Each structure stands twice: as structure tokens, then as C-alpha cells.
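Engineer: Fold the following, please.
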Amino acid sequence: MFQKILIANRGEIACRVAATARRLGIRTVAVYSEADAGARHVAACDEAVCIGGAAPRDSYLQWQRILEACRATGAQAVHPGYGFLSENEGFAQACADAGIAFIGPPPSAIQAMGLKAESKRLMEAAGVPLVPGYHGADQDPALLKHEAERIGFPVLIKASAGGGGKGMRVVESAEAFDAALASCKREAINSFGDDAVLVERYVTRPRHIEIQVFGDSKGDCVYLFERDCSVQRRHQKVLEEAPAPGMTPERRREMGEAAVAAAKAVGYVGAGTVEFIAEQDGRFYFMEMNTRLQVEHPVTEAITGLDLVEWQLRVAAGEPLPLKQAALRIHGHAIEARICAENPEAGFLPATGRLDVLRWPAHASFERANVRVDTGVVEGDAISPHYDSMIAKLIVWGEDRAQALARLDAALAQTHIVGLHTNLAFLRRCAATPSFAAADLDTGLIERERARLFGQPGLSLRVAAAGVVAHTLALEAARQNADPWSARDGWRLAGDALRRFDLAEAEVHHEVLLRRRHAGGMALTVAGETFAFAVESAGPERHTLWLGEGLATERLAVQTYARGEQVTVLAPQGSATLTEVDVIARAGDATPSGGRLTAPMPGKLIALHVKAGDAVSAGQVLAVMEAMKMEHAIQCPRDGVVAECLYAVGDQLSDGAELLRLQ
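Structural biologist: Sure thing, here's the model as predicted:
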């Protein structure tokens, strides 16, 4: 076994690998960019080496610097994690040439499976079922369009060297093909340095089922069962679970054996995932093989009781697989939710900002447990535009799927993140949809359940306002304990005491009245409704509220977090952020906001389709931005004329930057 390894990655996967290495007594070396000097993965390792600037191309993709760090620290092996260099055969070969073990498959296997078109030809020869499509080397746009028409619409254009949903487009008609192809190729060249694509029949209502495989250098290979990753947005996974609901033992064996055949066809060693598209009737087709550890590997660990990173280390050190196929078993059910910094209501735009509050469920553990959290950040860290938007993975395990679902909802409700947009509320709604609850799964689930997933109200105003009042009263009570003369409890000889709170939510102003009754008790008036109000606080953040009287009393446990004048209220039913408004300042603010079009997130301007003087119409694509390796089209909000373009292609824009002006 190795004495020291270097982890050529960052974030939660670097922390994940370091945890297993520590348990096995293996010393670890972290590499980090200038932006990550204070990152959690740096602290998690025994040594750390800075390898360049914030952008991945200046640091985490500089494999020469990583090899220099290996030589300088005496690391015997490199674990690439996932993303970055994990599927780069050039890097794997460079490690081998330098006498450093690459904790992954041989370069030949990465190369064979890295190009989707070539891998399809190999799979066809190995007898693995394929989706009808065009996987040829000729990339003439006219030929690709002709092949799409031959296959029949809808078709899927997919970057041949791609992954993670990047460089992928569903095309419904011949008229939409040319624009989709251009966008797909542009995104592919930016993400992978290769704009080759393949075209396949788009399977309607497909399930995305993948098989975890493991091979060793002795020629043995096993499958560690399946994961269902059908719940996706923009071809990127949202919820993953194992085992796949409705999977029969016969189908599991058939898919597992096909996956092993695929791995053996390329002489695979280490952890890999063979991904299949499955019809609702159970028929399945090879899609691609990921020659690395997957983001969703924890659900496989949860149902097998195995540590896949330990298996990777042992196999890379030349040891045989720890277990044979006959010894592998499934126990229980596991679900993983990817918690990301993004705004689902704005088309899942990536979000950046500071994690002012980051609290996990009380019994969550980084180790295998009923509730597990894999993360690479801590409270106070910032999510930057340079890297992936994922904050953490929340993994739950249950004796069966029903118990796992219940634990997932409870764990998401107990996860508190304040400071930037996240998909937490969306994940809870997604897991609670009738389709997901009933395991009626396919990659169109989010679109099918759109009415339940988007535009839903958050925490009610009465609860949110009550939470803000409770927070304020708790702070004042703490001050009063330190200084009795600072009391603001409204005590008087006769009559009720009335106190006004001016609150704003999403630019809407609300007047809230707190009445302290002379006879005892309190009442709140919110949006014209008056109701009895009582609160018991355990510090400024934890409160129990009683709203109403008698049998109609609503009892709620809420938590509140303040950032300046903003107070975020979190309850099992949802969350809301209210701002205590300075009414005088608000009344004097008459700044007009019309005629401007701003960047919805920080990123790079990669296309500008208009110039000053152009007439534009509502819905027209004016520009394209790139952020976190994804493209985002900027559409015109209304008819008008472009008065001025304030940025040029190639410029970096900050969140909210004025892109152009409309007349």
C-alpha cells in the first residue's frame, strides 16, 4: 500500500479521498489554487502545494505542476477525483512515465472510452446494446443534419468527448438543428477542447441507470449493482438512488454482465461507471462509460457497506479486488441529493456569494451513516464563479425506499444555508412529487412536475413576520439581561403597547404590528390579519412560536439568522428572508430602473448578437454568457431598440452588471 498520495482535485471529493486515506494511515498532499488557499480540502491533508491562479486552466488543469508537486513531496500516487484531469489519458500516461501510480484506469482505457463515438464502436463489437445513431468521424454539419433526419426527430446531439451534461442538446425538428449544433460545438470546444459530436435517437421517457464496475490488474472485474440517476435538470443529475426502483434480479444481472463486458473490452482497472439509457419496458442501451469515480458513488457505498475509495487505493497498489461477485450484497436503499448554489426559479442559474450560515442535520456524518454529508466548504466560505456550483452532497440510507425518502425530507429540512441562492427548497419539492414518491421515474420528471416544482410560495408571510419579531425580541431580551435599563418590552401603567415593524420581502413592503396586551399576552397584525402570538426562544436563533388561540393554535419551531437588516426565517414548511426597512429612506428612493438589461450571474460574455441601433423584440436572444462551464442565453425582456452595448465579447461580467441599454 502507498505511504503518501497526492489528491489532484479540490472541494468535497478531495476531502472524501483524504478521509479514507487518513483511516488507512496514508499521508496526503493537497494541491490548491490561489483562490483555494484557505479551502477545507487544504486543511484536510497533511501537506499542501499551491499550483497557480484561480481559473482551473491556471491551476487544477496544469498537470505538469501536479507532477512537480508529487516529486517535491515524495507522493507515490495521484488520485484525480472526478472532473479536471480525472479522464485525461495524457495526464495518466505522464504519471506512468514519471513512475507515479495513477489511481484510475490505464491511459488506453481512458482513451477508448473518452471519445463517445469510438466507445460505441467498441461496445457494438462487445455485444453491448446501443441506441440507434451516428457515431462517425465526419463532422460536416450537412452530413450531421442528414443523419439526424435519417434517425428521426427528436434527436440528441452530444459532445463526443463530453460529460456532465455539457455540450448536449435535444433537437425536436430539422429547423432547430443548425443552431443547436453550433451551440453544442461551441460549448464542447470550451469545456473539452474538442467539438466533435455524435447524434442519437432521443429515447422518450428514458430512465438513466448506471452500473458501478470495478476491475483489478489481475483481470478480474465485478459490478457493484446499479444507481438510478433519472432525475435531471439540463442533463445534469439532481437526485440519485440505489438500487434502482423496480429493478428485477434478472434485469440487474443482465445489465451488470453487460457493464462488465464493456469494462473488459477495454482492459479496465479501477472504479468505473457504465451508463445506460433504459426504456420503461426494461430494454437498455449503452450510453457511455465514465472512467473515474462518480459524484454519486456514496449511494453505492451505503447499500453495499463498502468504501470505494479504499478499493481504488488497493487496486492501484496492485492488490486484487477485495471481494468476488458472489460475495456482494445489497442492503437497504440510499438516496443522494446534490445541494448546489443556484436559483431554480431563474432557470438554475449558478449563484455566487458567501455562505453566511451553513448548518447540517444534527446527526449527519462524513462517514457512512443514516445521514451523511460530503462537502468541501465550511460556514463563512465563498462560492466563486471559477468552480462547480455544488455545495455538498446529502446522502440518506433506509431499510427501504420509504424510510430513505422520509429521512431525505427531514435532513433537507434541517439543512440551513443563508447568504446565496440554493436549490434546497427545490430538492424537497422534487423528492415530494407524486412521480418521485411513486418511483415513476424518467429524465423528464422535472418538466412533467413543473407545476409542483416552480413558482411555489415559500414560507407564509404570517410565519415569516412572526419569526422576525421573535428574533428581535430575543436579541432585546439578551441585551436587557446585560443592561436592565435597555428594556423595550412596552410596559406601561395602563392600556396596550403597540409596536410597529416595517418589513420588506422581494421589494414588497409590509407593516407588522405587535400589540402587548395590558391584561397579558401579545398579538400580531400581519397583512390585515390579527392573531394571538406567543414565543419561547433559546437564544437569538431558535424559537418556538404559537400563532392563534384555542384549537386553531399553530405551533412552529423556527430558526432565524440575521445579516445586517436582513433576517432569514427557516421552518419545516420553507424559508423566507425579510428586510427591516428604513421607511424614511425608502420613501425618498425614486431611482428609475427601466431600460436596463443586466447580467443574471457572474460570467464571461461569449456572444453578442446585437449592436447599437438594432430593433429587438421580446424573447429574442441578445447575448450568450458562460458561467461554471455552462452557456446561458440572455433574452430581451420587451420590444425596443438597443441604445448602447456596454461590453464586448470576451469581457468578464460581474453579477448584476449592466450589459446593454434598451430604448
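Engineer: Tabulate the CA atom coordinates of stretch 24-36 in PDB.
Structural biologist: C-alpha atoms of stretch 24-36 as PDB (Å, rounded to 0.1, in the frame of the first residue of the first chain):
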ATOM      1  CA  LEU A  24      -5.800   3.700   6.200                       C
ATOM      2  CA  GLY A  25      -2.800   5.600   7.600                       C
ATOM      3  CA  ILE A  26      -1.800   7.100   4.200                       C
ATOM      4  CA  ARG A  27      -0.400  10.600   4.200                       C
ATOM      5  CA  THR A  28      -1.900  13.100   1.800                       C
ATOM      6  CA  VAL A  29      -0.800  16.100  -0.200                       C
ATOM      7  CA  ALA A  30      -3.300  18.700  -1.400                       C
ATOM      8  CA  VAL A  31      -2.900  21.000  -4.400                       C
ATOM      9  CA  TYR A  32      -4.700  24.300  -4.400                       C
ATOM     10  CA  SER A  33      -5.200  27.400  -6.500                       C
ATOM     11  CA  GLU A  34      -4.600  30.900  -5.200                       C
ATOM     12  CA  ALA A  35      -8.300  31.200  -4.600                       C
ATOM     13  CA  ASP A  36      -8.400  28.000  -2.500                       C
END
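Engineer: got any ranges where this protein has weak pLDDT?
Structural biologist: Residue ranges of the chain with pLDDT under 70: 163-164, 366-368, 482-495, 582-596, 628-630, 655-656.
Engineer: and the next element down the chain from the longest strand belonging to it?
Structural biologist: In the chain, taking DSSP state E as the definition, the longest strand is strand 221-233. Per DSSP states H and E, the first helix or strand lying C-terminal to strand 221-233 is strand 236-242.
Engineer: Put the alpha carbons of whichever helix or strand comes after that next one into PDB.
Structural biologist: Going down the chain from strand 236-242, the next helix or strand is helix 249-265, by DSSP H and E. C-alpha atoms of helix 249-265 as PDB (Å, rounded to 0.1, in the frame of the first residue of the first chain):
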ATOM      1  CA  PRO A 249     -32.900  -9.600 -10.200                       C
ATOM      2  CA  GLU A 250     -32.800 -10.900 -13.800                       C
ATOM      3  CA  ARG A 251     -32.500  -7.400 -15.300                       C
ATOM      4  CA  ARG A 252     -29.900  -6.400 -12.700                       C
ATOM      5  CA  ARG A 253     -27.800  -9.400 -13.600                       C
ATOM      6  CA  GLU A 254     -28.200  -8.700 -17.400                       C
ATOM      7  CA  MET A 255     -27.200  -5.100 -17.000                       C
ATOM      8  CA  GLY A 256     -24.400  -5.900 -14.700                       C
ATOM      9  CA  GLU A 257     -22.900  -8.500 -17.000                       C
ATOM     10  CA  ALA A 258     -23.200  -6.100 -19.900                       C
ATOM     11  CA  ALA A 259     -21.300  -3.500 -17.900                       C
ATOM     12  CA  VAL A 260     -18.600  -5.900 -17.000                       C
ATOM     13  CA  ALA A 261     -18.300  -6.900 -20.700                       C
ATOM     14  CA  ALA A 262     -17.900  -3.200 -21.600                       C
ATOM     15  CA  ALA A 263     -15.100  -2.800 -19.000                       C
ATOM     16  CA  LYS A 264     -13.300  -5.900 -20.000                       C
ATOM     17  CA  ALA A 265     -13.400  -4.800 -23.700                       C
END
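Engineer: Can you tell me the strand partners of the following helix or strand past helix 249-265 and which way each runs?
Structural biologist: Going down the chain from helix 249-265, the next helix or strand is strand 270-278, by DSSP H and E. Here strand 270-278 is paired, per DSSP bridges, with strand 207-215 (antiparallel), strand 284-290 (antiparallel).
Engineer: Off-centre distance for strand 270-278?
Structural biologist: In terms of Cα atoms, centre = their mean, to the nearest Å, the centre of strand 270-278 is found 20 Å from the chain centre.
Engineer: ditto for stretch 252-267
Structural biologist: 29 Å.
Engineer: Please point out which parts of that stretch sit buried.
Structural biologist: For stretch 252-267, the neighbour count (16 or more other Cβ atoms under 10 Å) marks Arg252, Met255, Gly256, Ala258, Ala259, Val260, Ala261, Ala262, Ala263, Ala265, Val266 as buried. (C-beta placed from N, C-alpha, C; glycine too.)
Engineer: Determine which two of these are furthest apart.
Structural biologist: Arg252 and Val266 (22.5 Å; Cβ to Cβ).
Engineer: what about Leu6, is that helix, strand or coil?
Structural biologist: Following DSSP: H, G, I helix; E, B strand; the rest coil, Leu6 is assigned to strand.
Engineer: pretty sure it is touching Arg71, no?
Structural biologist: No: Leu6 is not in contact with Arg71 according to Cβ atoms under 8 Å; the separation is 10.0 Å.
Engineer: Give me the more crowded residue out of the two.
Structural biologist: The neighbour comparison of Leu6 against Arg71 (other Cβ atoms under 10 Å) goes to Leu6, with 28 against 11.
Engineer: need the contact list for the more buried one.
Structural biologist: Thr28, Val29, Ala30, Val31, Ile66, Ala69, Cys70, Thr73, Ala75, Ala77, Val78, His79 (Cβ atoms under 8 Å, 6 or more residues apart in numbering).
Engineer: Which residue comes closest to the last one once chain neighbours are left out?
Structural biologist: I take that to be His79. Closest residue to His79 apart from its sequence neighbours, by Cβ to Cβ, 6 or more residues apart in numbering: Ile103 at 4.3 Å.
Engineer: Angles on the backbone of the one you found, please.
Structural biologist: Torsion angles at Ile103 (phi, psi; degrees, to the nearest 10) stand at phi -80, psi 80.
Engineer: now Ser119: how far from Ala262?
Structural biologist: Going from Ser119 to Ala262 by Cβ to Cβ, to the nearest Å gives 8 Å.
Engineer: which residues do the two both contact?
Structural biologist: Contacts common to Ser119 and Ala262, judged by Cβ under 8 Å, 6+ apart, are Met289.
Engineer: thinking again about what came up before, just the ones in helices from the contacts of Leu6, please.
Structural biologist: Ile66, Ala69, Cys70, Thr73 (DSSP state H).
Engineer: Most neighbours out of these, which is it?
Structural biologist: Busiest of the ones in helices among the contacts of Leu6 [other Cβ under 10 Å] is Ile66, holding 28 neighbours.
Engineer: That residue and Ala77: what is the separation?
Structural biologist: With Cβ to Cβ as the criterion, Ile66 and Ala77 are 12 Å apart.
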